[in-house]
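Colleague: Build me a model from this:
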Amino acid sequence: ARQHLGIVLVALCAATGASALRVGGTSRSLPHFGSRPASTRSEVIMREYSTKVKITAEARAPLRQARIFFLYPSTIAGASIAAYVSVTRLIAGLGGFRTDLTPLSDAGNLALNLGVVAAAVWALRNDLNGRAQLLEDVALELEGPLEADADIGS
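Modeller: Prediction:
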C-alpha cells in the first residue's frame, strides 16, 4: 500500500507542477514530467497528523469526510452518466435517428447535468482545501509548528 501511495503522490505532484515533495523535514526531488519553467513550480508539504488532531478537526467540521468520500463522488458519477445519456439522445435527435426525441429538452438536460458536475467538483475542491487548512490550524493549535518550520523561521 505504501508503494502505491508513493506512486500516487509522485503523479499528483507531477500534475500540479511541483518539483519537490517535502515530507516532514526531508525534501525529495521529483522527476520532470512537464514543460513548466522551474520558477512556477511549487512544493507540496505532506504532514502526518495525530489522531487527536484528526478527531478535533472532525468535531469542528462534522460530516466533511462523508461529503468528500460519498456525496461528491456519487453526485459527479450520477450526473456524468446522465450527461452521457443526454449527449447520446441529443445526437440521435439531431441526426434524425429517432423522431420521438426533443433535442431542445435534451440540450437543457445536458446543460443541467454539466452544471451539477461542475458544482460538485467546485464544492469538492473547496472541502479538500478547507480540510487541509483546518487540519493545519488544529495541528498548530494543539501540537505547535513542525521542527522544520521552526528552523526556517529562526
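
Colleague: can you point me to the longest helix in the protein?
Modeller: Longest helix in the chain, counting residues (DSSP state H): helix 103-143.

Colleague: other SSEs contacting that one?
Modeller: On a contact count with 3 or more CB pairs under 8 Å, 6 or more residues apart in numbering; DSSP states H and E, helix 103-143 meets helix 51-60, helix 64-66, helix 72-95. (Each C-beta comes from the backbone N, C-alpha and C, glycine too.)

Colleague: Report the mean confidence score over it.
Modeller: Summarised as a single mean, pLDDT over helix 103-143 is 94.

Colleague: what's the angle from that helix to helix 72-95?
Modeller: Angle, helix 103-143 to helix 72-95, by axes from the mean of the first three to the mean of the last three CA atoms, to 10 degrees: 160 degrees.

Colleague: how many other residues sit next to residue 90?
Modeller: Using other CB atoms under 10 Å, residue 90 has 19 neighbouring residues.

Colleague: hang on, it packs against residue 106?
Modeller: Yes. Counting by CB atoms under 8 Å, residue 90 touches residue 106, with 4.3 Å between them.

Colleague: which residues does the nearest residue to residue 89 once chain neighbours are set aside contact?
Modeller: Excluding its sequence neighbours, the residue lying closest to residue 89 (CB to CB, 6 or more residues apart in numbering) is residue 106, at 4.5 Å. Residues near residue 106 by CB atoms under 8 Å, 6 or more residues apart in numbering: 86, 89, 90, 93.

Colleague: Over to residue 128?
Modeller: Listed by CB under 8 Å, 6+ apart, the contact set of residue 128 reads residue 68.

Colleague: if we go to 10 Å?
Modeller: 64, 68, 72 (CB atoms under 10 Å, 6 or more residues apart in numbering).

Colleague: Could you measure from the last one over to residue 114?
Modeller: Spelled out, that is residue 72. 16 Å (CB to CB, to the nearest Å).
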